[in-house]
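Student: sequence and predicted structure are below.
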Amino acid sequence: MEAKSNFVPGLEGVIASETAISLLDTEKEKIVIKGYDLIELSKEQDYLDIAHLLLEDKLPDQNEKTKLEEKLKERYAIPTEILDIFSLLRKQIHPMDGLRTGLSALAGYDNQIDDRSYEADTERAYDLLAKMPAITVNSYRALNGKEIVHPHKDLSYSANFLYMITGEVPSEEDAEIFDRSLLLYSEHEMPNSTFTSRVIASTNADMYGALTGAVSSLKGNLHGGANEAVMYLLQEAESAADFEEILTKKLYKKEKIMGFGHRVYMKKMDPRAAVMKESLKELCEKAGDYSLLEKCEAGEELMKQEKGLYPNLDYYAAPVYWMLGIPIDLYTPIFFSARTVGLCAHVTEQHQNNRLFRPRVNYIGKPYA
Ligand SMILES: CC(=O)SCCNC(=O)CCNC(=O)[C@H](O)C(C)(C)COP(=O)(O)OP(=O)(O)OC[C@H]1O[C@@H](n2cnc3c(N)ncnc32)[C@H](O)[C@@H]1OP(=O)(O)O
Ligand SMILES: O=C([O-])CC(=O)C(=O)O
């Protein structure tokens, strides 16, 4: 029997790809995006700056930024047939499944679907970036029996996205915080969903197929689905003390606590979570209600003491979304929507420098002759 000795469960630490897009540099404690530190970028830049950086390899100047905003606004609308498809979906499904269907159906409207050139993939990425808010929000609305909502072109990209979600033009502060969350979710090296999209793209499959697979990956609660799970958990508790008790019981039963731990930052707090925690503080201060922050901090302290585990981005993005008035079952679709641009960059890179992913196995089945 052929023995394979280099098996690593979950491919932990295995280098799966070469990339010029991003790196989690654990020694320097930086999330590197195209040579920049994502946390530093989050202080001065907005989500569309990062989108430009990811797709064009440079931060935009004012002229490029204006052009990008105009280009996206021209492409905001999604085909009416896709809106019809949303209305036919079974109402019980999760909005991530609605989003997946809409994204998959978009492939039918791409007249250059067989073109894998850098230029065609980049244009496709802009198209997807432009259309994700309408797909995300309108699939959710159709599942909830609500009228479709059209983009508000006088608003910025993120303010419009939040407006489409809540139905109200957001304050400048709320739009900024929402934008920051999109920026933090935009790209993160090689998580399961990015790996999935690159594996699919490596067969020469198109960008829509690769991203549709990534939606399925990101929906799982060990990945993007954790942000919704965190909010349901926080809702179970009436106070910080109550939250500690709930978590203690779960730990006793050896259950995993959503929003804690990370394959790469296992023994440290995800730096993105620290930024979202500050945003949560701002929102609590504005509301004059610190109860959610108190629960989160109590959970953070308990998990540090009991398990030596720290919050990941989902732990603090969830209460921020709650304070922004976002329905819980949109949290994971928003994460995916924000990640679209990073995924598109990876699919484009994979198409440009491709070798089919086709690993081997360690056979542990019945003996054979
Ligand atoms: C933005 C994002 O997508 S970030 C990820 C969001 N996902 C979550 O928050 C889900 C909760 N967290 C987890 O399940 C994990 O920490 C993951 C999936 C993120 C990383 O998983 P892995 O690297 O495979 O670590 P693994 O699951 O093997 O955990 C190692 C140990 O820590 C424990 N552990 C890890 N995370 C947690 C947690 N959230 N709660 C309780 N225990 C945990 C495990 O039980 C395990 O303990 P053991 O060795 O005694 O069995
Ligand atoms: O990197 C990971 O494994 C998961 C994660 O935090 C992300 O996708 O943002």
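Tutor: Here it is on my side, so go on. Residues are numbered from 1 along each chain as shown. Ligands and ions are numbered 1, 2, ... in the order given.

Student: contacts only, for the residue of the stretch 101-250 of the chain found nearest ligand 1.
Tutor: The stretch 101-250 of the chain approaches ligand 1 most closely through residue 226 (3.6 Å), counting by C-beta to the nearest ligand atom. Backbone N, C-alpha and C define where each C-beta goes, glycine included. Contacts for residue 226 (C-beta atoms under 8 Å, 6 or more residues apart in numbering) come out as 258, 259, 312, 314, 315.

Student: again with residue 175
Tutor: 155, 156, 158, 159, 162.

Student: tell me the contacts of the residue in the stretch 201-350 of the chain positioned nearest to ligand 2?
Tutor: Across the stretch 201-350 of the chain, no residue is closer to ligand 2 than residue 263, which sits at 5.2 Å (C-beta to the nearest ligand atom). Residue 263 sits next to 10, 12 when contact means C-beta under 8 Å, 6+ apart.

Student: quick one: pLDDT of it?
Tutor: Per-residue pLDDT puts residue 263 at 95.

Student: would you list the phi and psi of it?
Tutor: With angles defined as degrees, to the nearest 10, residue 263 sits at phi -60, psi -40.

Student: would you check how far apart it and residue 313 are?
Tutor: Distance from residue 263 to residue 313, counting by C-beta to C-beta, to the nearest Å: 13 Å.

Student: quick one: name the residues of this protein near ligand 2.
Tutor: For the chain, the residues in contact with ligand 2 (C-beta under 6 Å from any ligand atom) are 188, 191, 223, 262, 263, 312, 313.

Student: can you flag the buried ones in those residues?
Tutor: For the residues of the chain next to ligand 2, a neighbour count by 16 or more other C-beta atoms under 10 Å gives the buried set as 188, 191, 223, 262, 312, 313.

Student: tell me which of these fall in helices.
Tutor: Taking DSSP state H, the ones among those that sit in helices are residue 313.

Student: if we look at ligand 1, which of the residues of the chain next to ligand 2 are close to it?
Tutor: Within the set of these, contact with ligand 1 (C-beta under 6 Å from any ligand atom) is found for 223, 262, 263, 312, 313.

Student: quick one, helices of the stretch 251-369 of the chain?
Tutor: Under the criterion DSSP state H, counting those that start in this stretch, helices of the stretch 251-369 of the chain are mapped to 271-287, 291-307, 313-323, 331-352.

Student: mind putting those into CSV with mean pLDDT?
Tutor: Listed next are the helices of the stretch 251-369 of the chain as CSV, based on pLDDT from 0 to 100:
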stretch, mean pLDDT
helix 271-287, 98
helix 291-307, 98
helix 313-323, 98
helix 331-352, 98
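
Student: residue 22: which of those helices is closest?
Tutor: Comparing those by their distance to residue 22 (C-beta to C-beta), the top pick is helix 331-352, with 7.5 Å.

Student: which parts of that closest one are buried?
Tutor: For helix 331-352, burial by neighbour count (16+ other C-beta under 10 Å) applies to 331-351.

Student: shaky segments in this structure?
Tutor: 1-4, 266 (pLDDT under 70).

Student: hmm, 80 instead?
Tutor: 1-5, 266-267 (pLDDT under 80).

Student: need the longest helix for it.
Tutor: If you go by DSSP H, the chain has its longest helix at helix 118-143.

Student: how about residue 324, what does it touch?
Tutor: Residues in contact with residue 324 (C-beta under 8 Å, 6+ apart) are 162, 166, 170, 174, 177, 178, 283.

Student: re earlier: could the helices of the stretch 251-369 of the chain be laid out in JSON lines, adding distance to residue 48?
Tutor: Shown next, in JSON lines, are those (distance: least, C-beta to C-beta, whole Å):
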{"stretch": "helix 271-287", "distance to residue 48": "18"}
{"stretch": "helix 291-307", "distance to residue 48": "29"}
{"stretch": "helix 313-323", "distance to residue 48": "19"}
{"stretch": "helix 331-352", "distance to residue 48": "9"}
